[in-house]
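Asks: what's the 3D shape of this:
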Amino acid sequence: MMSLFLTQVSEDFNDYFVIMLIDGAGWHLSNELRIPENIRFIQQSSHSPELNPTEHIWEELREKHFHNKAFDSLDDVKNALVTGLNQLSDQPSRIRSMTSFPYIAKYHPLDCKLV
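Replies: Coordinates of the predicted model:
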């Protein structure tokens, strides 16, 4: 399933070089895993969530779209999440400010686009 996921991400973002942070889960490290040419992994220590850019995205979503809210249904939760993600996707500079860590820059090839 991870190989299928990576293939889909690679196709959806075929104009980009994708840096994907992974933890030590077995499906992230399988010898049979097929990693597309436009994707690179950075293995993250399980004890350093503050270095994981995704954590900053989730923090932003929790603060702006889930803070002190009770939802009536799972669909309402999903809708709030989609709304938040769509709003963030319209602000690439905001995403970059939350996720650009120096250790990631060294994995960025010179010929790719910054999102």
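
Asks: okay, CA-based contacts and neighbour counts for the rest of this
Replies: Will do.

Asks: To which secondary structure element is the most centrally placed residue in the chain assigned?
Replies: In the chain, the centroid-proximal residue (C-alpha atoms, centre = their mean) is T54; its distance is 5.3 Å. Using DSSP states H and E, T54 sits in helix 53-61.

Asks: right, and the helix or strand after that helix?
Replies: helix 74-89.

Asks: List the buried residues in the following helix or strand past that following helix.
Replies: Toward the C-terminal end, the helix or strand that comes next after helix 74-89 (DSSP H and E) is helix 92-99. Buried residues in helix 92-99, counted by 16 or more other C-alpha atoms under 10 Å: 95, 98-99.

Asks: what residues does helix 92-99 touch?
Replies: Helix 92-99 is contacted from outside by 52-54, 56-57, 88-89, 115, using C-alpha atoms under 8 Å, 6 or more residues apart in numbering.
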